[in-house]
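In: Give me a model of this one.
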Amino acid sequence: MPLHDQVASVCALARNVRGGLDMAQVNTSINTATLDLLLETLIDLGAPPQNSRFAETQAKTVAGSLAALTGVANARS
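Out: Below you'll find the model as predicted:
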């Protein structure tokens, strides 16, 4: 399992961006690289399971851990 949780980091960034929004304004400006990272992460999370970020999230679930252990056990057989 990776040491760095990229999805959690991007979620924290999204919370910070949202916290800085002026809701009284109709339009706002955001750094293009920040917006791109947020959108790419959102798109990746909705992608098929072979996607690395989706796989990272799945690996942290109980079912994901059991599937990984089963895969290792099957590989050794």
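In: C-alpha from now on. contacts and neighbour counts both.
Out: Will do.
In: which residues of the chain score low on pLDDT?
Out: For the chain, applying pLDDT under 70 flags the ranges 1-4, 48-69, 72-77.
In: can you give me the helices in it?
Out: If you assign secondary structure with DSSP state H, the helices in the chain sit at 6-19, 32-45, 52-59, 62-76.
In: how big is the angle separating the first one from helix 32-45?
Out: Using axes from the mean of the first three to the mean of the last three CA atoms, to 10 degrees, one finds that helix 6-19 and helix 32-45 are set 130 degrees apart in direction.
In: same for helix 6-19, what does it pack against?
Out: Helices and strands in packing contact with helix 6-19 are listed as helix 32-45, helix 52-59; criterion 3 or more CA pairs under 8 Å, 6 or more residues apart in numbering; DSSP states H and E.
In: okay, the longest one in CSV with CA atoms only?
Out: The C-alpha coordinates for helix 32-45 follow below in CSV (Å, rounded to 0.1, in the frame of the first residue of the first chain):
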residue,chain,number,x,y,z
THR,A,32,-5.4,26.4,-13.7
ALA,A,33,-3.0,23.7,-12.3
THR,A,34,-5.1,23.4,-9.2
LEU,A,35,-8.4,23.1,-11.2
ASP,A,36,-6.8,20.6,-13.5
LEU,A,37,-5.6,18.4,-10.6
LEU,A,38,-9.0,18.5,-8.9
LEU,A,39,-10.8,17.7,-12.2
GLU,A,40,-8.4,14.9,-13.1
THR,A,41,-8.8,13.3,-9.7
LEU,A,42,-12.6,13.4,-9.9
ILE,A,43,-12.5,11.9,-13.4
ASP,A,44,-10.0,9.2,-12.3
LEU,A,45,-12.2,8.2,-9.4
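In: Buried residues of that helix, list them for me.
Out: The neighbour-count criterion (16 or more other CA atoms under 10 Å) identifies 38, 41, 44-45 as the buried residues of helix 32-45.
In: Can I get those residues in JSON lines including distance to Arg18?
Out: Formatted as JSON lines, these follow (distance: CA to CA, whole Å):
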{"residue": "Leu38", "distance to Arg18": "11"}
{"residue": "Thr41", "distance to Arg18": "16"}
{"residue": "Asp44", "distance to Arg18": "20"}
{"residue": "Leu45", "distance to Arg18": "19"}
